[in-house]
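Trainee: Provided below are the primary sequence and the corresponding predicted coordinates.
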Amino acid sequence: MLKKILLFFLLFSFADARADDGYRLWLKYDLLKNISKRAEYKRFAAFIQIRMEQTPVVRTAQEELKRGLEGMLGIQVSNTSKKSGGIIFQLDKTSPEEGFRIENKQGNIMISGGGDKGVLYGVFELLRLMQTEKSLTDLPISSAPKIRLRMLNHWDNPLGTIERGYAGASLWKWYELPETLDPRYRDYARANASVGINAVALNNVNASARFLTQEYLVKVKALADVFRPYGIQVFLSINFAAPKILGNLKTSDPLDPQVRQWWNAKTEEVYRLIPDFGGFLVKANSEGEPGPQEYGRNHADGANMLAEALRPHQGRVIWRAFVYSPDPRGDRFKEAYNEFKPLDGLFADNVVVQVKNGPIDFQSREPFHPLFGAMPQTPLAMEFQITQEYLGFSTNIVYQASLYKECLESDTYAKGKGSTVARVVDGSVHSYDFTAIAGVANTGSDRNWTGHLMSQANWYAFGRLAWNHTLSEAQIADEWVKMTWTTAPAAVVVIKNILLQSRETYVNFTTPLGLHHIMGQGIHFGPEPWLAQSARPDWTSIYYHRADSAGIGFDRTAKGSNALGLYRQEVQNLWNNPETCDLKYLLWFHHVGWNKKLSTGKTLWDELCTRYYQGVESVQQMQQEWGKVRPFVNVEMYEDVAGRLAVQHREALNWRDACVLYFQTFSKQPVPSPFKQPERTLEELKKLVAIYQLK
Ligand code: GCW
């Protein structure tokens, strides 16, 4: 008994009982528990010397370093000193502008940046090494971003709501701006800078024209002024019909001289206020948004008009390729390709076309978008979603580095083997001279920024991969866990495993084997595979799963929609034979018989059921595993995640039961043993989903 009590105290003495709510993200800078590391770092940490121009960005770097060192080492750091043994900032003209080098020279740590932003990123790297208790004997480290523009896209609206945001209201308090500057704006900028994010589009791509009014532009300027010292450039999403809405013109036709004049003048107004403004992000002729096609013009006409207005200011147009015309006989998979492929080479040189990772819409698993293999003459930006629209909102753990990596590492074969999506996006396949990657932000006004504490990992991972897409998801998870939760090895292993398995678990209990888009019309976190009626056929579920008495899946081979034909032959070869197609993508491309034997040895029906049931079991395992970390982490944060895991379990059961029962009406087969038929009926599940969607 005594032993047990002792053990209990021993264990719980590791637990962090101080109040914490996740606000500090991965930038906690708490006193390092590891005394020998503290001693190692202290040797050089007492002084910061600046041997370069003191720009606002350098001052940010200096402040951040001081804050980090003082917090982690419990010392006082002086800013200037002639004494040796310090950390020195300097310029290194041989390094790329945002790149840096950290080296240990006679007891001094030199941070050399290609420019001031390089120094800032070098500081965050040094702090990260210390937060994760790395030895500084492994220096020098050199690093430079692989992609030029690393951007968050906020889908925030003027009245404070966020489209597909699950962490509270918008961070931007438009009404209070520009007079009041919420301190969170700086903390947000710090977090971005710490992972190398250097641009943000502040407002929803379903854009209100209001953002281009003088009233709003001064607010935007106020935010840009806060972000600038963190190396962050501001972009705005624009409404293509702004010349009509704001300028009272009769048209917004991109070839109309008055319209062009309006955009030129408006753009000048923006740059007068914000000289380093980034440019415009545009969703046009998509889901009801206005665009050039209304005037018989194409996407290139629209983009090039804006490009012309932005060119004198070195601004850029980011034109989205998320378009799908409502052709009831078509396949939504092919729509963006059909509209954009013919325009390759027609875009102005300051236009980037931003393509979602997959051809449909941020599903838990998609094959890479075929446009990535098809636009050699047009810089393509990657658009990932960080917010978990189709990944369980803020109640599910889905570590998306796995999803991002899977897409980035897919081979397009655009210029032979090794033409991965990552290398297309970073410009190395087609030598694009400008490159970009965007993530749809998951931040909001919740104290912990992202709703689910574990979703902070997705913001972090997006930034890290945008900087260097060769980092592994495990390495990124390792860093994030140590910086956010604990460095205790036993707990790090457990949390990392939870993260690394979480995406596949989510796929299993929602859309295994390549199923996609079978979520509820309104509740994208829940199932509605029976959804058969909507304003558009491609907003239903039956459009995608095509279940019938023979089998399930969307035939996209030459016998079906032939969407597979949009990929290079080598990619087609991987996927066009149902016998050899990776099971991950099977039902994306094939309609497969219920009794078809798969490579796992099971029939399709049995395999499908197995994955749904195992998905739920994996959530239970996550809950058990999470229990093990309690002694090592902050208690409030622990409880928050434990509660959300319980919700995730409830949601997983709903998915499993709804999908198994519904697909069973087609397969007419029992649930294979050892699994048991769900206790609820399909009718009960349908009612439940209907209640969820009540307004
Ligand atoms: O993912 C879908 C969302 C829409 C979104 C659209 C887009 C901003 O359901 O809410 O609108 O994509 O990416 O434009």
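Mentor: In hand now; what should we look at?
Trainee: Give me the nearest residue to K597, chain neighbours excluded.
Mentor: T603 (6.0 Å; Cβ to Cβ, 6 or more residues apart in numbering). (Each C-beta comes from the backbone N, C-alpha and C, glycine too.)
Trainee: Now do the contacts for the one you found.
Mentor: By Cβ atoms under 8 Å, 6 or more residues apart in numbering, the residues touching T603 are 594-597.
Trainee: okay, the residues you listed in JSON lines with distance to the ligand, pLDDT and neighbour count next?
Mentor: Shown next, in JSON lines, are those (distance: Cβ to the nearest ligand atom, whole Å; pLDDT from 0 to 100; neighbours: other Cβ atoms under 10 Å):
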{"residue": "W594", "distance to the ligand": "31", "pLDDT": "98", "neighbour count": "20"}
{"residue": "N595", "distance to the ligand": "35", "pLDDT": "98", "neighbour count": "13"}
{"residue": "K596", "distance to the ligand": "32", "pLDDT": "98", "neighbour count": "16"}
{"residue": "K597", "distance to the ligand": "36", "pLDDT": "98", "neighbour count": "13"}
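Trainee: for those residues, which one is nearest Y175?
Mentor: Here the nearest of the contacts of T603 to Y175, counting by Cβ to Cβ, is W594; it sits at 56.5 Å.
Trainee: quick one: the closest one and K602 touch, right?
Mentor: No. With contact defined as Cβ atoms under 8 Å, W594 does not count as touching K602 (11.5 Å).
Trainee: still on that earlier bit, any chance of the contacts of T603 in a markdown table, with distance to E579 and secondary structure too?
Mentor: Shown next, in a markdown table, are these (distance: Cβ to Cβ, whole Å; DSSP: H, G, I helix; E, B strand; the rest coil):
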| residue | distance to E579 | secondary structure |
| --- | --- | --- |
| W594 | 16 | coil |
| N595 | 15 | coil |
| K596 | 9 | coil |
| K597 | 10 | strand |
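Trainee: Now stretch 63-70 - C-alpha only, CSV.
Mentor: Provided in CSV are the C-alpha atoms of stretch 63-70 (Å, rounded to 0.1, in the frame of the first residue of the first chain):
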residue,chain,number,x,y,z
GLU,A,63,12.7,40.5,-28.0
GLU,A,64,11.6,37.0,-28.8
LEU,A,65,15.1,35.5,-28.0
LYS,A,66,15.3,37.4,-24.7
ARG,A,67,11.9,36.2,-23.7
GLY,A,68,12.7,32.6,-24.6
LEU,A,69,16.0,32.5,-22.9
GLU,A,70,14.8,34.2,-19.8
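Trainee: And for that stretch, what's in contact with it?
Mentor: 27, 29, 41, 45, 48, 75-77, 79, 87, 120, 123-124, 126-127, 130-131, 190.
Trainee: do stretch 488-504 as well
Mentor: Taking Cβ under 8 Å, 6+ apart as the rule, stretch 488-504 contacts 14, 364, 396-403, 454, 457, 473-474, 477-478, 481-482, 485-486, 618, 622, 625-626, 628-629, 631-633.
Trainee: can we see that at 6 Å?
Mentor: Contacting residues not belonging to stretch 488-504 are listed as 397-399, 402-403, 477, 481, 485, 622, 625, 628-629, 632 [Cβ atoms under 6 Å, 6 or more residues apart in numbering].
Trainee: Show me what counts as buried in the helix or strand harbouring L126.
Mentor: Assigned by DSSP states H and E, L126 belongs to helix 116-131. Using 16 or more other Cβ atoms under 10 Å as the burial criterion, the residues of helix 116-131 that qualify are 116-131.
Trainee: Please apply the same query to stretch 432-441.
Mentor: So stretch 432-441, judged by 16+ other Cβ under 10 Å, has buried residues 432, 435-441.
Trainee: and what of stretch 518-532?
Mentor: Buried, per 16+ other Cβ under 10 Å, within stretch 518-532: 518-520, 524-531.
Trainee: Wondering if that stretch reaches the ligand at all.
Mentor: No. Judged by Cβ under 6 Å from any ligand atom, stretch 518-532 and the ligand are separated, with a smallest distance of 7.2 Å.
Trainee: what about that stretch, average pLDDT?
Mentor: For stretch 518-532, mean pLDDT rounds to 95.
Trainee: Stretch 289-309 now?
Mentor: 98.
Trainee: Would you mark the buried spots in that stretch?
Mentor: 289-293, 295, 297-309.
Trainee: Repeat that for stretch 441-456.
Mentor: 441-446, 448-456.
Trainee: and the longest helix along the chain, what other elements does it pack with?
Mentor: Identified as the longest helix of the chain according to DSSP state H is helix 635-667. Where contact means 3 or more Cβ pairs under 6 Å, 6 or more residues apart in numbering; DSSP states H and E, helix 635-667 is packed against helix 489-510, helix 604-629, helix 682-692.
Trainee: looking at those helices, which is closest to the ligand?
Mentor: Closest of the helices and strands packed on helix 635-667 to the ligand is helix 489-510, at 15.9 Å (criterion: Cβ to the nearest ligand atom).
Trainee: and the angle for the closest one with helix 604-629?
Mentor: For helix 489-510 against helix 604-629, the angle by axes from the mean of the first three to the mean of the last three Cα atoms, to 10 degrees is 150 degrees.
Trainee: got the CA positions of the next helix or strand after helix 489-510 in PDB?
Mentor: Sequence order places helix 542-545 as the next helix or strand after helix 489-510, per DSSP H and E. What follows is helix 542-545, C-alpha atoms only, in PDB (Å, rounded to 0.1, in the frame of the first residue of the first chain):
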ATOM      1  CA  ILE A 542     -25.100   9.000 -53.500                       C
ATOM      2  CA  TYR A 543     -23.400  10.900 -56.400                       C
ATOM      3  CA  TYR A 544     -20.100   9.800 -54.900                       C
ATOM      4  CA  HIS A 545     -20.500   6.300 -53.400                       C
END
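Trainee: List the buried residues of helix 542-545.
Mentor: 542-545.
Trainee: Give me the contacts around that helix.
Mentor: 515-518, 532, 537, 552.
Trainee: can you check stretch 688-695 too?
Mentor: 520, 522-523, 526, 528.
Trainee: got it, and stretch 311-327?
Mentor: 271, 279-283, 285-286, 303, 306-307, 332, 335-336, 339-340, 350-356, 536.
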